[in-house]
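Visitor: Sequence and predicted model, in that order:
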Amino acid sequence: MAMIFFALLVVTLSFNFFMISYQVNGINRLVYGVPVSLFETSLNLYGVDENNGAFFIKDTLEEKLTSYFNALMKRYADDYTLDFYYYNPSNHSLCVSENCSAIEVTVEANLVLNYHYEKTLFYEIRSN
């Protein structure tokens, strides 16, 4: 009887660890594989000059990233949040103007067994 209980415990733990690894690896693929085109199509290139440079159109970028994650995250997590933080690339201070050239995107999700997933990625517009 003890062996049956032990076997069921091992099977249950194995399945839960499999589910956690499946969710974490899937979300990592989504987060690290965000298409660059989402950022490129959210740039305001009209009237770019030497002093200001290109900058993100905030509403467009947030809408595109939200729709990307809404479409693909449902396979891995039901409960997740996206946070956007625009900053100045020179000193990482908060960018309050409309002409922000750097964004920090944080993805948080609650997975199986109350495992909390959180990743933050930084995207900046730089010249080559």
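Guide: Good, I have the coordinates. Residues are numbered from 1 along each chain as shown.

Visitor: Give me the buried positions along stretch 58-69.
Guide: Buried positions in stretch 58-69, judged by neighbour count with 16 or more other Cβ atoms under 10 Å: 58, 61-62, 64-65, 69. Using the backbone N, CA and C atoms, a C-beta is placed for each residue, glycine as well.

Visitor: how far out from the middle of the chain is it?
Guide: 11 Å (Cα atoms, centre = their mean, to the nearest Å).

Visitor: Show me the shaky parts of this structure.
Guide: Applying pLDDT under 70 to the chain flags residues 128.

Visitor: One more pass at 50, please.
Guide: Applying pLDDT under 50 to the chain flags no residue at all.

Visitor: Please spell out which residues along stretch 30-41 are buried.
Guide: Going by neighbour count (16+ other Cβ under 10 Å), the buried part of stretch 30-41 is 30-31, 34, 38-39.

Visitor: Which one of these is nearest to L82?
Guide: Nearest to L82 out of these is V31 (Cβ to Cβ; 10.3 Å).

Visitor: Would you check that that closest one makes contact with L121?
Guide: Yes. Counting by Cβ atoms under 8 Å, L121 is a contact partner of V31 at 6.5 Å.

Visitor: what do those two both touch?
Guide: V107 (Cβ atoms under 8 Å, 6 or more residues apart in numbering).

Visitor: And the helix ranked longest in the chain, what does it pack against?
Guide: When secondary structure is assigned using DSSP state H, the longest helix within the chain turns out to be helix 2-32. Counting contacts by 3 or more Cβ pairs under 8 Å, 6 or more residues apart in numbering; DSSP states H and E, helix 2-32 packs against strand 102-110, strand 116-124.

Visitor: and the angle for the first one with strand 116-124?
Guide: Counting by axes from the mean of the first three to the mean of the last three Cα atoms, to 10 degrees, strand 102-110 lies at 170 degrees to strand 116-124.
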